[in-house]
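**Student:** what's the 3D shape of this:
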Amino acid sequence: MSTTKLFFGIFLLGVILLNSDLDLTKGSSLTHKDAVPINYVNPDTDGDGIPDDIDQDDDNDGIPDIYEDGCETNVGFGSPPPSNTTTNYVTSIYTDYRGFWSSSVGSLNPKAYDDVSTLLGFTVGSSTYATGVTSPRMMDNDSNGYFDQMDTDGNGTGDLGVEETSWSALKPVTKIQSGIRLEGRSVDGNNGQADGPLLTTGGIPFNPYLYQGERGLDMTYAIANIGNAWYFRLGGTNTPAYGDGIMDILLTQGAQLSGGSNYNRLHLLDENGNYLGNGVEVNWNSTPIVGNSMIDQYNVNDTPNNKNVKKNIRLAAVELSEFGLSPAERAQAVIFRLEISANADPVFFAVNDDSFITGCSPTDSDGDGLANGLDLDSDNDGILDAVEAGHGVATINGRIPGPVGTDGIPDAVQAPSQYNNGTINYSIADSNSDNILDYASTDSDSDGCNDVLEAGHADPDGDGFLGNSPVTINSTGIVMGQGGYNTPLDGDGNSVYDYTEAGNTPTISTIPASAVVFDGHSGNISLTTNHTTQYQWQISTDGGTTFVDIFDMGPYSGTDTDTLTINNPDMDMDGYQYRVELYNDAYVCSPSTTSNSITLDVRVRTVISNRKITFRVNQQQ
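**Tutor:** Predicted coordinates for the structure are as follows:
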């Protein structure tokens, strides 16, 4: 059994799906850390008609599983170590183009494929590897779930023994938005014109060009002229595959080479971004041509770049031992870094399913026993993931209603006519840019005030989870019996939820110790503040023992601003004390501050003028 199949089976046993009731206040309950095995093999958690194993958004919250599973990775790594060059060149390829098609180094098929051409097998050295793609030409004679022979002449009998392997194209976590997109010239139904691009348009990332068809191994598509580094997330490495003589990685080159160096450099990293062992380089200039394709080309802005162009195909393989990993490092590899030279042109990047776990281990951010990809409140803060994602699409009980494509992602969060590409049309919110997305963070804005409180919910024990812990959730991950799940607060009314906007306790920059006003003449008391949305001035007439609120009446105005105006003060007010209560409605954790008191100093002007006589007051008497 392959590692991928074993991992997937174990994962399914750990999935918690008690019922399909989506009412946020009803349904079966699941206590923190409980585990309930399921009996069915292929669930459809969100009921959208797409089974979870091929659904890229298992809970229909608008966040693709590649994010919720924790498969995104920080690309801010240091310089990679040197690379050794591999010479494991692919010398023959077999595809399902027009039923069956093959081509070999030194005996190239004169017919270049121009339409769907899914890789069935490939030869490295003396071994031919099955990819696991189904075809009438592939035989499983011992019925163990792996193909062991290929029927190359179409007579219904296997005549070429193949290694019992299966391979899958990896999906990069890097968003690819540069390069030239290549499509088989017949895919658009028009051999004379370039009527695409068909997979992505309008600025949608080009990622789907790297994993089309069964197991992602359709060679009809490619991306050219890269000059970049892509990252791929793994669930782990099968250490027995190290040095077993079986190829573990397959790299591809799908267009003509230009002058200069044309290469792929591959490195493995651990979960903290540390490089492991050495790199491995494929020098495409030294790699023999194994076949040809006929394609149309498209620019970044979707305009045709060329049509009916013949392209050379090259492939090379890598064995894990070529990375020079220590025994400890072999179990730590979970990230691929694929560096692609400016004129290299990947078709796909595939791995042997028995060598790697091709999906990363599901993340359970809140530790409630339900993986984020199935949990509608992944951090148990009482705010739905769909709200914290920031896509703004209305939900019903945390799920986006309406149509979904074959990728299982709601059309409402995808660009029009791009409903099956596994992409979304928005950036998932990360309010504090700490690479922990808001739906998985209990303090999304890093202001020291947990989201559950800033949303307006209760957290009596202060652990960042809704209500008192341990919490109980229903089958969709919603905390039961503790309130929550209302529209989050926007205390300052600026159309930004408070939990996404860093707040602070109100502070005072400048404040006078006393204020001088003149008898019968209006005067002001002003201060400068920060993080303040409301003011309330107060007065004490007993020397500061007690203070009471004042309002805009009688001698006062501006009692709810940063400047208090005292109109026509008299000498009886001399010595009164004033202070102001400051409030920040957008910061519930410490929303108020009281200023120091300010003593009013009422004076008589030194010069008093009548119509004909001027009097000077001698203040010394």
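**Student:** For the residue nearest the centre of the chain, grab phi and psi.
**Tutor:** What sits nearest the mean C-alpha location of the chain, by C-alpha atoms, centre = their mean, is residue 67, with 4.3 Å. Dihedral angles of residue 67 (phi, psi; degrees, to the nearest 10) stand at phi -80, psi -50.
**Student:** Distance of it relative to residue 422?
**Tutor:** 11 Å (C-beta to C-beta, to the nearest Å). To be clear about C-beta, it is placed using only N, CA and C from the backbone, and glycine gets the same treatment.
**Student:** next one: residue 261
**Tutor:** Distance of residue 261 to residue 422, computed by C-beta to C-beta: 32 Å.
**Student:** again, but for residue 77
**Tutor:** 25 Å.
**Student:** So those two - more neighbours on which side?
**Tutor:** residue 422 (21 against 17; other C-beta atoms under 10 Å).
**Student:** just the helices in the stretch 51-200 of the chain please.
**Tutor:** Remark: helices assigned in the stretch 51-200 of the chain by DSSP state H, counting those that start in this stretch are 65-68.
**Student:** which regions of it sit below the pLDDT cut-off?
**Tutor:** Filtered on pLDDT under 70, the stretch 51-200 of the chain yields the residue ranges 53, 71-76.
**Student:** ok, now the chain?
**Tutor:** Counting by pLDDT under 70, the ranges of the chain that qualify are 1-42, 53, 71-76, 606-621.
**Student:** what domains does the record give for it?
**Tutor:** Using automatic domain parsing, the domain ranges for the chain come out as 1-61+365-503, 71-361, 507-607.
**Student:** What residues of the top strand by length along the chain count as buried?
**Tutor:** Counting by DSSP state E, the longest strand found in the chain is strand 304-318. Buried positions in strand 304-318, judged by neighbour count with 16 or more other C-beta atoms under 10 Å: 305, 307, 309, 311-318.
**Student:** Which elements pack onto that strand?
**Tutor:** Here strand 304-318 touches strand 90-95, strand 119-124, strand 249-253, strand 275-283, strand 291-298, going by 3 or more C-beta pairs under 8 Å, 6 or more residues apart in numbering; DSSP states H and E.
**Student:** Name the residues that touch the last one?
**Tutor:** Pointing back at strand 291-298 there. With C-beta atoms under 8 Å, 6 or more residues apart in numbering as the test, strand 291-298 has contacts from 93, 103, 108-109, 112-114, 117, 180-186, 188, 194-197, 219-220, 222, 224, 254-255, 304-313.
**Student:** Let's see the distance spanning stretch 171-185 from one end to the other.
**Tutor:** This stretch, stretch 171-185, spans 24 Å end to end (C-alpha to C-alpha, to the nearest Å).
**Student:** re earlier: quick one: name whatever helix or strand follows the longest strand of the chain.
**Tutor:** helix 327-330 (DSSP states H and E).
**Student:** Using PDB, list the CA coordinates for stretch 400-410.
**Tutor:** Presented in PDB, the C-alpha positions along stretch 400-410 are these (Å, rounded to 0.1, in the frame of the first residue of the first chain):
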ATOM      1  CA  ILE A 400     -21.600  29.800   1.200                       C
ATOM      2  CA  PRO A 401     -24.700  28.800  -0.600                       C
ATOM      3  CA  GLY A 402     -25.100  28.500  -4.300                       C
ATOM      4  CA  PRO A 403     -23.300  26.700  -7.100                       C
ATOM      5  CA  VAL A 404     -19.800  25.100  -6.900                       C
ATOM      6  CA  GLY A 405     -17.700  23.800  -9.700                       C
ATOM      7  CA  THR A 406     -15.900  20.500 -10.000                       C
ATOM      8  CA  ASP A 407     -13.200  21.800  -7.700                       C
ATOM      9  CA  GLY A 408     -15.700  22.100  -4.800                       C
ATOM     10  CA  ILE A 409     -15.000  25.800  -4.200                       C
ATOM     11  CA  PRO A 410     -18.100  28.100  -4.200                       C
END
